[in-house]
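Q: based on what follows, work out the 3D shape:
(chains A and B)
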Number of protein chains: 2
Amino acid sequence: MEFREVVRRRRMVRNYDPDRQVPAEVRERILEHAIRAPSAGFSQGWGFLVLENLADRERFWRVATPQTELWQQWLVNMRHAPLIIVAHSNKAVYLDRYAQPDKGWTDRDERRWPVPYWDIDTGFASLLMLLTAVDEGLGACFFGIPAEQMSAYRAEFGVPEEFTPIGAISVGYRAPDHRSGSLKRGRRPVDEVVHRGQWSM
Amino acid sequence: MEFREVVRRRRMVRNYDPDRQVPAEVRERILEHAIRAPSAGFSQGWGFLVLENLADRERFWRVATPQTELWQQWLVNMRHAPLIIVAHSNKAVYLDRYAQPDKGWTDRDERRWPVPYWDIDTGFASLLMLLTAVDEGLGACFFGIPAEQMSAYRAEFGVPEEFTPIGAISVGYRAPDHRSGSLKRGRRPVDEVVHRGQWSM
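A: As a prediction, the model looks like this:
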């Protein structure tokens, strides 16, 4: 698909056809695109957990979502997704990378980092997966694992402490869904968020 | 261009043809794609500073880069870029958004946020700009403004305290450049970063 068309079509899809699996070659293309994301110092401090069979997916939903009505309501359709990919960042890899001689920092001091590029880079990988799903004619949704579910999630899947799940991506063939209520807020236009030459005097 | 081709061709470009401006319609398409990035709760807590004329760009390089030999060497080619877009995140917008009734949080407590989605979402917008440059036949580079340059940068351009520059994007027609030394590290293959069904027991 044309790049522009992929960008135009992308939106979070929250319901999937439960009877159609994601073909293996599509799943692998999604993962191959993820690792093409840029990363600071080519650190590539990321890790992905791929869940496909029903038992694994159900384990995920059980530990990663709170028992609130809002979440459980949302889950009714979301759990139709035949594929879940959880994207994790690894800060330690970045601190190590920038302590190497070619980067010139001689310590692992976190204060050198103005923003957490480990999370941003893993976000890049996540967006490439979302876009690839669209390019392949599927739908996907990116959502966070709530802070209070983190330790249960890590324990269930054996995710090491140094990896932080920045979000999960559900993937599948689209089924009718409700658009997010948040969209009623409207998209902020270019002129509202762009400053040219100077932000303010 | 086909989406797959855009993903395949994207890399950080660190030198530009100084005699070719970025056409206005290409610049606007880059910005229009930026605001199509997904954001938590459709918060869209971002802001972009667009610098084009020579004096503004020179002001940017002066305040945003350290006087070290490594940076100044890198600048020789980077300063040929006819367009710079600085992407900023705004945490306050997210804390406000999730304190609204439809989100159910009744406070602005930062501990609710497992990872900084304001930075990740602004990263999404940045990656869309990088990919759009490729789609338009141009090159781009994403780089951080070092922590020690932040206050000089903010003061020079009047960037409000609540906005944090997560990175700058230089854009222009490509000129021959050196590939980053970091690439010698090699790309980590899918099998090294992907865990299927279970991370570890």
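Q: mind checking how far A:Ile120 is from A:Val76?
A: From A:Ile120 over to A:Val76 the distance is 32 Å, taken as CB to CB, to the nearest Å. Using the backbone N, CA and C atoms, a C-beta is placed for each residue, glycine as well.
Q: again, but for A:Trp118
A: Taking CB to CB, one finds A:Trp118 at 34 Å from A:Val76.
Q: more neighbours: the two, which one.
A: Here A:Trp118 and A:Val76 are set side by side on neighbour count (other CB atoms under 10 Å in any protein chain shown), and the busier one is A:Trp118, at 27 against 10.
Q: the more buried one should be in a helix, yeah?
A: Yes: under DSSP: H, G, I helix; E, B strand; the rest coil, A:Trp118 sits within a helix.
Q: show me which positions of the host helix or strand of A:Ser151 end up buried.
A: Using DSSP states H and E, the element containing A:Ser151 is helix A:150-157. With burial defined by 16 or more other CB atoms under 10 Å in any protein chain shown, the residues of helix A:150-157 counted as buried are A:150, A:153-154, A:156-157.
Q: next, see if that helix gets close to chain B.
A: Yes: on the criterion CB under 8 Å from any CB of the partner chain, helix A:150-157 is in touch with chain B at A:150, A:157.
Q: stretch A:119-127 too?
A: Yes: using CB under 8 Å from any CB, stretch A:119-127 comes into contact with chain B via A:119-124, A:126-127.
Q: can you check stretch A:183-190 too?
A: Yes: shown here: stretch A:183-190 in contact with chain B (CB under 8 Å from any CB) through A:183, A:185, A:187-190.
Q: residues in contact with that stretch?
A: For stretch A:183-190, contacts defined as CB atoms under 8 Å, 6 or more residues apart in numbering or on different chains pick out B:28, B:31-32, B:35-36, B:42, B:44.
Q: find the helix or strand that the spatially most central residue of chain A is a member of.
A: Against the mean C-alpha coordinate of chain A, by CA atoms, centre = their mean, the closest residue is A:Ser126 at 3.9 Å. Taking DSSP H and E as the definition, A:Ser126 sits inside helix A:117-135.
Q: which is the next helix or strand following that helix?
A: strand A:139-143.
Q: for that following strand, name the packing helices and strands.
A: helix A:117-135, strand A:164-172 (3 or more CB pairs under 8 Å, 6 or more residues apart in numbering or on different chains; DSSP states H and E).
Q: winner for burial among these?
A: Highest mean neighbour count of the helices and strands packed on strand A:139-143: helix A:117-135, a mean of 26 (counted as mean count of other CB atoms under 10 Å in any protein chain shown).
Q: and that helix, average pLDDT?
A: The pLDDT scores in helix A:117-135 average 98.
Q: then stretch A:139-150?
A: Mean pLDDT, computed over stretch A:139-150, is 97.
Q: C-alpha coordinates for it, CSV please?
A: Extracted as CSV, the C-alpha positions of stretch A:139-150 are listed here (Å, rounded to 0.1, in the frame of the first residue of the first chain):
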residue,chain,number,x,y,z
GLY,A,139,-6.1,-3.7,12.3
ALA,A,140,-4.2,-3.2,15.5
CYS,A,141,-4.5,-1.4,18.8
PHE,A,142,-1.8,-0.1,21.1
PHE,A,143,-2.6,0.1,24.8
GLY,A,144,-0.7,0.4,28.0
ILE,A,145,-0.4,-2.2,30.8
PRO,A,146,-1.5,-0.3,33.9
ALA,A,147,1.2,0.3,36.6
GLU,A,148,-0.7,-1.9,39.1
GLN,A,149,-0.6,-4.9,36.8
MET,A,150,3.1,-4.7,36.0
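Q: thank you kindly, that will do.
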